[in-house]
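Predicted model, plus sequence, below.
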Amino acid sequence: MDFRARLLKTLRAIEPVLAEPGVLVIGSEVPNLLERGAASTLVVSEDVDIGVPVASHKGVKKRLRAVEGLRSSKEEPSVWLPDDPSLIEVNFVGMDPAISDASQTYVLEDEELPLLVFGYLSFMRPGTPIEVEGLVVPVPRKAGLLLEKLVTDRSGVKGDRDLLVVLGLMLVADASDLDELAEEYRKLSSELRHSVRTNLTLLSLIGPIEGMPDPAANRDKVIELLRRLERETDG
């Protein structure tokens, strides 16, 4: 079974959770789903990250009881492990739009489904759901997901792979998405704006990784966005 089939089968398994208002698929699998036909050619990590708004926490716990084929990890209850090798791991993380400091992180304590709530996820807003093979997958707006990935510190091989996810998102973004990104960028603190520019600079320099978008072939797009944001900073 190829990765695309495993990804879609996993999303079908957790479909009850995806139906809870506000829940989003937020991780590095989003560019896979945004490819034409959800082609899923960008295998960055073999897990699915699910963003759970703190206001939806109780509803998600109820819907998890209808999920089959995955079970909560005893060591880390926010991680759901597959019983079947044709499924992939699912990680639940918290989103809190009320966080005033985007760098803030806290734990939503709960015996059944504790969540690590990341302030950077507050950049995400619901986008147009993806429909593939009868499955409706809620995803964030591209600008918010781009911003979340660009404000996070990156290092090493994993950091490079995460930045290539940014490139994958850029390749499916249109002019309005980049306009929205620039608008949100202007609202950031100077420290976070610096992080965004630093990560774009790193993206413009890294080499290719098999199965990922080619940074060399798309370097002009990265540099163009970097220059645009630099002008926003100067302005």
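Perfect, I can see it now.

which stretches of this structure form strands?
Per DSSP state E, the chain carries strands over the ranges 24-25, 47-53, 70-72, 79-82, 89-95, 105-108, 115-118, 130-132, 135-137.

Format those strands as TSV; extra columns: mean pLDDT, mean neighbour count and distance to residue 5.
C-betas here are computed from N, CA, C, even on glycine. Output for the strands of the chain, formatted as TSV (pLDDT from 0 to 100; neighbours: other C-beta atoms under 10 Å; distance: least, C-beta to C-beta, whole Å):
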stretch	mean pLDDT	mean neighbour count	distance to residue 5
strand 24-25	95	24	17
strand 47-53	93	23	14
strand 70-72	95	16	16
strand 79-82	96	19	14
strand 89-95	96	21	16
strand 105-108	94	14	33
strand 115-118	94	20	29
strand 130-132	89	14	12
strand 135-137	93	16	12
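
care to break the chain down by domain?
Per the record, the chain has its domains at 1-140, 141-235, by automatic domain parsing.

Dig out what residue 105 forms beta bridges with.
Beta-bridge partners recorded for residue 105 (DSSP bridges): residue 118.

how close does residue 85 sit to residue 25?
Using C-beta to C-beta, to the nearest Å, residue 85 is found at 21 Å from residue 25.

Ok, residue 12 next?
13 Å.

same thing with residue 10?
10 Å.

again, but for residue 179
Distance from residue 179 to residue 25, by C-beta to C-beta: 24 Å.

rewinding a little: list residues touching both of residue 10 and residue 25?
residue 48 (C-beta atoms under 8 Å, 6 or more residues apart in numbering).

State whether residue 173 and residue 142 are indeed in contact, as I suppose.
Yes. Counting by C-beta atoms under 8 Å, residue 142 is a contact partner of residue 173 at 4.8 Å.

Find the residues that touch each one of the two.
residue 181.

what about residue 107, distance to residue 4?
34 Å.

Same check on residue 170?
From residue 170 to residue 4 the distance is 21 Å (C-beta to C-beta).

so who does the residue nearest to residue 223 when sequence neighbours are not counted touch?
Closest residue in space to residue 223, ignoring its immediate chain neighbours: residue 204 at 5.5 Å, by C-beta to C-beta, 6 or more residues apart in numbering. Contact analysis of residue 204 by C-beta under 8 Å, 6+ apart lists 215, 219, 222-223, 226.

Now neighbour count and distance to residue 163 too, for those residues, in TSV please.
Shown next, in TSV, are the contacts of residue 204 (neighbours: other C-beta atoms under 10 Å; distance: C-beta to C-beta, whole Å):
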residue	neighbour count	distance to residue 163
215	21	8
219	15	12
222	21	9
223	14	14
226	18	12
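
of those residues, closest to residue 103?
Lowest distance from residue 103 to these (C-beta to C-beta) belongs to residue 226, with 22.2 Å.

Who are the contact partners of the closest one?
Counting by C-beta under 8 Å, 6+ apart, residue 226 has contacts 197, 200-201, 204.

got a pLDDT number for it?
You'll see residue 226 listed with a pLDDT of 95.

follow-up on the earlier one: among the contacts of residue 204, which one sits closest to residue 147?
Distances from residue 147 to these, taken by C-beta to C-beta, are shortest for residue 226, at 14.2 Å.

any idea how far the closest one is from residue 12?
For residue 226, the distance to residue 12 - C-beta to C-beta - is 39 Å.

what does residue 122 give?
Applying C-beta to C-beta to residue 122 and residue 12 gives a distance of 29 Å.

So between these two, which is more surrounded?
Between residue 122 and residue 12, counted using other C-beta atoms under 10 Å, residue 122 has the larger neighbour count: 20 against 15.
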